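*Asks:* Only the shape, not the letters, is given here:
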């Protein structure tokens, strides 16, 4: 398989090779992590998930760059302009849908990427994507103010990571003080939003403070952050025009907006469904002790508390101008099915999540270094109250029947031990990394009936799902400088996966479901190989290939859910997805910048997908998890950066990614057998691009302008959603962001910005934010 990748790469890069070899330029020094021979060597004393030698393509962004160029409200914003990355963030504080996508993985595949902060796993690998329950990374555990730098590894080429690294590995390093320091920052933003019958302005604010110091062998830092965010409407009540009948009772109404749904069918939009107002508090405490200059212990406590309310609004009005949100209605002379609580759902959510992490690291840069780490992430409280179909507006605002979904006790823990050996002597050209890991995930969600959805006690069981998965891994990789200008990294990862204690109970289903699923186990071996060549002092060439196995998550296996407006169908027999990935990169030093061209490919068997369709008869979204036989992807990624371009202080960076991702084999289908074959992989655009101009005008002023582009995508496996510019569709977008910052003096700074300055309306099932204005004030001790 690696030989196939290499052959394709040579054909794909024949012309770019000739161009790049013709471009001269002196070598440039690189910031840490250090890059040499096209690969990255990781140093530093901070806890990290990164191995010593990183064979994959790697990009990064620093705290200073974030402060100058990004209107950041959470940790995911730091990734905004990195090549091929997109976070499906719908509003500031999006806690249940902000999923990371990468080269060959879309915004429905959260389990195909890994996110760490100071070596602690933030990716929620309890499930994949959204559908019933939601599993984005826990971005809320890292505030923008505490980020020191972010590094991103592309592809599964390091043996140090499980198969979830297929897309990308994101590693946040947060700031630890070397002296007494303190920071206070407040920000506010305003979004005027217009769509259909909604014309409103949504206001949000954020405040954070940090204090830390170092005294002798001790160092510590305390961060507090509050986010109070009001987002735009995200879902909408609809009826297809064809569903109307000439006969039938109903209240004649106005206010419905006619349009076209994602499948190209005429429909009416009747009002808004989900629209969140969320208040999130975050506390982060970090403590480190240096036993010696080469041995450090660190402890991290993270606490995140969220109170969120979702409230709908009907656009319909009767002859007297009174809002109509219940019962049968007549629109444009036709009668339509009665409006229920499923059309206008209300929800109150309360989550308290707690994270602990400990890390012990010996770093001498001598013959042998090692590290030990352990972390726990606990859903101490996770409750969602929602009205039932019979609880309709306006009465549902005060109560009525509904459900309570309780995920308390869900969570995960991780253990890791790793070592680095630099043998010296005849083996001095080698650096060997090796480690053992164990990751455990526990899912426990119980949904109960409520007589009063606002405050009632849990009643009869509606559903109960749960189970456990565990992954134990042993890995090693050897970085070998086997000749002048040449370096290889060869690795192997062995994994043993188990699933057990699976249960799915839905007493009200027809027929009733009460299943205790048999345990499962599988073993997988994943080889990795990377080779780099310093062709000239200013040109590096690198090739990498690797196998990755992404095992099913506990929610995909057992997590069936059913609410008034959504259903998720699990599959306890899901097969792991198995992929071979490869890339070939050329990196040219231009003296005042760098340019990189990468050909990449991925061939995935039994790809795991959550597919959501709208069931008009049940009036709810139904998501079903399934294996897709084979998905093949190849593409090109061009990334560049220039420093002091044309004038001193003006930096330019950008990227352009083309991807051809197609379903080649699939025994399943959407409507008729074979209707997915030859279709594009959902949520992977053919073309994506970013461009960022960062101008350090003088010591006090800076300004930036950035643009992000994503081409046409499909959301469905059969690509039947031909209209992307609507609710439930996925549209192209071109978004321009602006930011300016003034450092008033050593302590005070102010910033202002605009996201989506062109006020483009774009969709990824839900609408993205429209034009948003930012203002920020910061004080440093």
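*Replies:* Noted; the coordinates are in hand. What you see is a predicted model; the values in this text were computed from it and never measured. Numbers count the residues shown, from 1 in each chain.
*Asks:* For this structure, give me the ranges with low pLDDT.
*Replies:* Within the chain, the ranges that satisfy pLDDT under 70 run 1-47, 131-132, 561-568, 611-623.
*Asks:* would you list every one of the strands in the stretch 651-781 of the chain?
*Replies:* 687-696, 701-710, 733-743, 748-755, 763-764, 766-767, 772-780 (DSSP state E, counting those that start in this stretch).
*Asks:* Please tabulate the ones you listed in TSV and include mean neighbour count and distance to residue 320 as additional columns.
*Replies:* (C-beta placed from N, C-alpha, C; glycine too.) Listed next are the strands of the stretch 651-781 of the chain as TSV, based on neighbours: other CB atoms under 10 Å; distance: least, CB to CB, whole Å:
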stretch	mean neighbour count	distance to residue 320
strand 687-696	20	50
strand 701-710	19	45
strand 733-743	19	40
strand 748-755	18	40
strand 763-764	24	34
strand 766-767	20	31
strand 772-780	18	36
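*Asks:* so which of those strands comes closest to residue 455?
*Replies:* Proximity to residue 455 (CB to CB) singles out strand 766-767 among the strands of the stretch 651-781 of the chain, at 28.7 Å.
*Asks:* quick one: which of the strands of the stretch 651-781 of the chain is nearest residue 309?
*Replies:* Of the strands of the stretch 651-781 of the chain, nearest to residue 309 by CB to CB is strand 766-767, at 17.3 Å.
*Asks:* Redo the strands of the stretch 651-781 of the chain as TSV? Include distance to residue 578.
*Replies:* Supplementary listing: the strands of the stretch 651-781 of the chain in TSV, determined by distance: least, CB to CB, whole Å:
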stretch	distance to residue 578
strand 687-696	26
strand 701-710	28
strand 733-743	33
strand 748-755	39
strand 763-764	28
strand 766-767	32
strand 772-780	42
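*Asks:* Indicate which one of those is closest to residue 671.
*Replies:* Taking the strands of the stretch 651-781 of the chain one by one with CB to CB, strand 763-764 is closest: 22.9 Å.
*Asks:* what sits against residue 758?
*Replies:* Shown in contact with residue 758 (CB atoms under 8 Å, 6 or more residues apart in numbering): 734, 735, 736, 771.
*Asks:* now the residue of the chain positioned farthest from its centre: how far from residue 211?
*Replies:* Distance to the chain centre peaks in the chain at residue 247, reaching 47.7 Å (criterion: CA atoms, centre = their mean). As for residue 247, its distance to residue 211 is 70 Å (criterion: CB to CB, to the nearest Å).
*Asks:* If we go by neighbour counts, what in stretch 585-604 is buried?
*Replies:* 585-590, 593-604 (16 or more other CB atoms under 10 Å).
*Asks:* meant to ask about stretch 520-537
*Replies:* Quick answer for stretch 520-537 (16+ other CB under 10 Å): 520, 524, 526, 528, 529, 530, 531, 532, 533, 534.
*Asks:* Now the two most distant members of those residues.
*Replies:* 520 and 534, at 46.3 Å, using CB to CB across the buried residues of stretch 520-537.
*Asks:* any idea which of the contacts of residue 758 is closest to residue 693?
*Replies:* Distances from residue 693 to the contacts of residue 758, taken by CB to CB, are shortest for residue 736, at 11.0 Å.
*Asks:* The closest one reaches residue 706, doesn't it?
*Replies:* Yes: using CB atoms under 8 Å, residue 736 is in contact with residue 706, at 7.1 Å.
*Asks:* Out of the contacts of residue 758, which is nearest to residue 438?
*Replies:* For the contacts of residue 758, the nearest to residue 438 is residue 735 (41.1 Å; CB to CB).
*Asks:* Quick check: that closest one vs residue 710, distance?
*Replies:* From residue 735 to residue 710 the distance is 9 Å (CB to CB).
*Asks:* Please apply the same query to residue 180.
*Replies:* 44 Å.
*Asks:* same question, residue 183
*Replies:* Taking CB to CB, one finds residue 183 at 34 Å from residue 710.
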